[in-house]
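Colleague: Turn this into a structure:
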Amino acid sequence: MPDQKKTLSIFSFSDVQLRFLKYCMGFFIPLIIVYAILEILVLNIPINYKVFGNYLNKHAPEIEVMALGSSQMKCGFNPALSDESAINLASTSQHHNEDFQILKGTINRIPNLKTVIIEVSYNHLELPHHPKDYWKNSVYLKYYEVNAFERPTWAKDKLIYLANARFYSHKLMDHYFYKTDKSQLNEYGFDTNNYEGAFKKLNYDETKIAEHKFKIITREDLTIFKNNTAYLYKMMDFMKEKNLNVIICTAPLYKTYLNKRNPNIVRRRDSVLSEILKKYKNVTILDKETDTLQFTAKDFLNENHLNPDGAKKFTALVNRKLDSLH
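Modeller: Below is the predicted model of the structure:
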């Protein structure tokens with residue numbers, strides 16, 4: 001019987017097999033080295049998720065207010081101006097299923113959490129949730145220690161560059177080469193220099209803004225609406241069970257955006273909010289979506305996002321709502 005050790009030894013390979021093995025090593029080892037370098041470079045970019053995670057780790061026992069939502073909430077609520085110790089974990093394109101995973105994944109680390117601010121914007125209830133393999137789940141796992149994959153995680157799940165190579169390649173170029181990133185993140189991860197948008201380019205001229213083209217979703221989807229509404233009630237039940245106050249926000253929109261909204265989507269959304277307000281005594285609503293008196297063109301980044309000046313006004317309104325809860 002042949003010696004098994006010799007049979008399995010690399011020396012038992014044929015010349016062709018050895019050449020193939022060397023070729024594979026010569027191909028993959030440089031790729032691994034390049035990827036490792038890219039991962040290290042990405043991890044050293046001062047992106048807001050990293051700042052969020054650091055603040056959460058350092059100040060979790062002090063936090064009383066948590067804000068969740070999409071880019072509208074990310075741009076609209078500045079925790080540095082909050083009357084109560086707060087954290088804003090909203091991010092671009094973040095939906096309710098990510099919000100809920102973040103809340104459930106961090107609540108045990110925040111013993112003094114009293115209030116959760118969530119966003120239910122214009123078409124929030126008719127946009128599909130992201131799938132369980134959404135790339136930001138790696139971000140939540142890496143920086144927040146939140147498993148939003150809803151499965152056991154692997155080591156690769158924490159690899160940030162691999163999660164969305166295209167997105168982070170742009171970030172790398174902007175930060176290290178072009179130097180175009182003008183973000184100035186405060187200790188809470190809020191960008192205090194977030195003014196570079198369509199309205200600034202138009203010099204806040206309302207005549208030019210009225211002619212400016214922008215994207216708005218007007219497509220209706222009753223199936224998604226039913227699913228998302230049921231999910232929102234599930235979130236409400238959880239927060240009620242945890243004795244948390246809930247502030248549901250509709251962030252300000254510029255008047256040209258307001259005029260383009262699909263009234264059926266607005267009606268359905270508003271009907272859900274009315275029912276939630278009746279059912280849950282721990283819920284209050286801060287409806288500023290149509291406030292065109294306090295919020296003018298100079299408060300906006302573009303048609304549906306506030307700039308830091310607008311965030312100052314909106315955060316002050318959140319403070320008033322927080323005061324009313326006591």
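
Colleague: what bits of the stretch 1-150 of the chain have low per-residue confidence?
Modeller: 1-32, 34 (pLDDT under 70).

Colleague: Could I get the full set of strands for it?
Modeller: Along the stretch 1-150 of the chain, the stretches classed as strands by DSSP state E, counting those that start in this stretch are 65-67, 86-88, 115-119.

Colleague: Any chance of these in CSV with distance to Asp205 and mean neighbour count as columns?
Modeller: Heads up, the C-betas are built off the backbone N, CA and C, glycines and all. Formatted as CSV, those follow (distance: least, C-beta to C-beta, whole Å; neighbours: other C-beta atoms under 10 Å):
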stretch, distance to Asp205, mean neighbour count
strand 65-67, 32, 25
strand 86-88, 31, 26
strand 115-119, 29, 24
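
Colleague: how about the ones you listed in TSV, adding distance to Leu306?
Modeller: Output for the strands of the stretch 1-150 of the chain, formatted as TSV (distance: least, C-beta to C-beta, whole Å):
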stretch	distance to Leu306
strand 65-67	13
strand 86-88	13
strand 115-119	12
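
Colleague: So which of these is nearest Thr192?
Modeller: Of all these, strand 86-88 sits nearest to Thr192, with 12.7 Å by C-beta to C-beta.

Colleague: what pairs with that closest one, and is each one parallel or antiparallel?
Modeller: Neighbouring strands of strand 86-88 in its sheet, by DSSP bridges, are strand 65-67 (parallel).

Colleague: Between the strands of the stretch 1-150 of the chain, which one is closest to Lys156.
Modeller: strand 86-88 (27.7 Å).

Colleague: who touches that closest one?
Modeller: Here strand 86-88 makes contact (C-beta atoms under 8 Å, 6 or more residues apart in numbering) with 52, 55-56, 59, 63-67, 73-74, 77-79, 188-190.

Colleague: And these, which of them are buried?
Modeller: Buried residues within the contacts of strand 86-88, counting neighbours by 16 or more other C-beta atoms under 10 Å: 52, 55-56, 63-67, 73-74, 77-79, 188-190.

Colleague: of all those, which two lie farthest apart?
Modeller: Between all members of the buried ones among the contacts of strand 86-88, the farthest pair (by C-beta to C-beta) comes out as Glu64 and Lys74, at 19.5 Å.

Colleague: For the residue positioned nearest the centre of the chain, give me phi and psi.
Modeller: For the chain, the residue nearest the mean C-alpha position is Ser91 (2.1 Å; C-alpha atoms, centre = their mean). In terms of degrees, to the nearest 10, the main-chain angles of Ser91 are phi -150, psi 160.

Colleague: check contacts around it.
Modeller: Asn48, Tyr49, Ser70, Ser71, Lys74, Lys136.

Colleague: what about the second one, distance to Leu56?
Modeller: Using C-beta to C-beta, to the nearest Å, one obtains 10 Å as the distance from Tyr49 to Leu56.

Colleague: shared neighbours of these two, anything?
Modeller: Joint contacts of Tyr49 and Leu56 (C-beta under 8 Å, 6+ apart) are Tyr144.

Colleague: Tell me what angle the helix or strand where Met236 lies forms with strand 115-119.
Modeller: Using DSSP states H and E, Met236 sits within helix 222-241. Calculated by axes from the mean of the first three to the mean of the last three C-alpha atoms, to 10 degrees, helix 222-241 forms an angle of 170 degrees with strand 115-119.

Colleague: For helix 222-241, name the packing helices and strands.
Modeller: helix 96-106, helix 263-279 (3 or more C-beta pairs under 8 Å, 6 or more residues apart in numbering; DSSP states H and E).

Colleague: before we move on, back to that, Lys240: which of the buried ones among the contacts of strand 86-88 is nearest?
Modeller: Met66 (15.7 Å).

Colleague: right, and that closest one touches Ser85 too?
Modeller: No. Contact criterion C-beta atoms under 8 Å: Met66 and Ser85 do not qualify, at 10.3 Å.

Colleague: Report the separation between Pro79 and Asn193.
Modeller: 16 Å.

Colleague: typed the wrong thing, it's Thr284
Modeller: In terms of C-beta to C-beta, Thr284 sits 32 Å off from Asn193.

Colleague: Between the two, which is the more surrounded one?
Modeller: Thr284 (16 against 13; other C-beta atoms under 10 Å).
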